[in-house]
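Participant: Any chance you could fold what I've pasted below:
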Amino acid sequence: MTSSVFHKIARCGAARRECFLGGSGWRLVSYAVLVTLTLVCSGTAQTQTSGSGENWQVVLAAGDDAQPVFDNATREMTRRLAAGGIPIGNIHRLSASATELGGKVEQAFADVLLRRIAELPAKPGDRCLIFLTSHGERGAGLWLARSNRALSPDELAGALSRGCAAVPTIVIVSACYSGSFAAGKMVKPNRIILTAARGDRPSFGCQTHRTYNFFDECLLGVLPQSTTWRAVFNGADRCVRRMEQALGMRPSEPQAYFGGTVAALKLGF
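Facilitator: Predicted coordinates:
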């Protein structure tokens, strides 16, 4: 039995704000292939990593509410981190969706996000985790719908230098053209940077009916079976490539940077 993929390449957002939805032209994808990809990319193993989560300082942001995939990812990441021992008070979640606000969820305005990162109380022995998921604007950065503008890599680099300083810092930017966040001022010896695509390539999977986009689905899927951040990236990269190949898409080519002092950093939660 087969299941038709009833979409041509489509763009989430206007102008250069993109997150591509489907394959090139009309394609039929085997139901068995999709099931296999789901199993491989979701990660059935539930191996737990060791280590206390109390020394993590975390900011998670869904930059657009045009599709639910972004909030779904930050909500699930919050759940995973809390289950891994990170106090909920150390986890700051921001959203562009009015229905998500309230309690500990703040609005994902550019100034609020940058201030939240810059004011993280990271001290020696702590670690920072920044996870940003949204559409991407080529040559500009990560789209923040509430501010109607993109967050640039240089802006993020400045906030990280204040809030996280020299502590081990993991930055995950899931968006089209997000490879620009793994270069320039973002590159520091204490940082690991994972991005969903090359600086000149779109990423995929922003359909309204999907739970996550491709990169976030793969990232969340490999976390339970990974012991290091390099293993997280390698697993997510393989998963994304398989999903794209099955649908005949041009590879997004996720990018990674591993600073010299954190190249072998353990997952830690």
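
Participant: where in the stretch 1-150 of the chain is pLDDT low?
Facilitator: Along the stretch 1-150 of the chain, segments meeting pLDDT under 70 span 1-53.

Participant: Could you pull out the strands in the stretch 1-150 of the chain for me?
Facilitator: With DSSP state E, counting those that start in this stretch, the ranges of strands along the stretch 1-150 of the chain come out as 2-5, 17-18, 27-30, 56-62, 91-95, 105-107, 127-133, 136-137, 141-144, 149-151.

Participant: need those strands in CSV with mean neighbour count, can you?
Facilitator: Glycine gets a C-beta too; all of them are placed from N, C-alpha and C. Formatted as CSV, the strands of the stretch 1-150 of the chain follow (neighbours: other CB atoms under 10 Å):
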stretch, mean neighbour count
strand 2-5, 13
strand 17-18, 24
strand 27-30, 13
strand 56-62, 25
strand 91-95, 23
strand 105-107, 18
strand 127-133, 25
strand 136-137, 28
strand 141-144, 28
strand 149-151, 22
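
Participant: So which of the ones you listed is nearest residue 217?
Facilitator: Closest to residue 217 of these, according to CB to CB: strand 127-133, at 11.1 Å.

Participant: tilt between the closest one and strand 56-62?
Facilitator: In terms of direction (axes from the mean of the first three to the mean of the last three CA atoms, to 10 degrees), strand 127-133 departs from strand 56-62 by 10 degrees.

Participant: Which strands and helices lie in contact with strand 127-133?
Facilitator: strand 56-62, helix 69-83, helix 153-163, strand 169-174 (3 or more CB pairs under 8 Å, 6 or more residues apart in numbering; DSSP states H and E).

Participant: With respect to residue 203, which of the strands of the stretch 1-150 of the chain lies nearest?
Facilitator: strand 136-137 (7.4 Å).

Participant: What strands line up against the closest one, and which way round?
Facilitator: strand 17-18 (antiparallel), strand 141-144 (antiparallel) (DSSP bridges).

Participant: Now do the same contact list for the spatially closest residue to residue 107 that is not a sequence neighbour.
Facilitator: Nearest residue to residue 107, sequence neighbours excluded (CB to CB, 6 or more residues apart in numbering): residue 146, at 5.6 Å. By CB atoms under 8 Å, 6 or more residues apart in numbering, the contact set of residue 146 is 96, 107, 108, 109, 110.

Participant: and the gap between residue 146 and residue 153?
Facilitator: From residue 146 across to residue 153, the span is 19 Å (CB to CB, to the nearest Å).

Participant: Neighbour-wise, which one of the contacts of residue 146 leads?
Facilitator: Within the contacts of residue 146, residue 108 tops the neighbour count with 31 neighbours, counted by other CB atoms under 10 Å.

Participant: before we move on, back to that, do you know how far the residue nearest to residue 107 is from residue 98?
Facilitator: With CB to CB as the criterion, residue 146 and residue 98 are 10 Å apart.

Participant: Over to residue 84?
Facilitator: Residue 84 is 29 Å from residue 98, by CB to CB.

Participant: Comparing the two, which residue is more hemmed in?
Facilitator: residue 84 (18 against 10).
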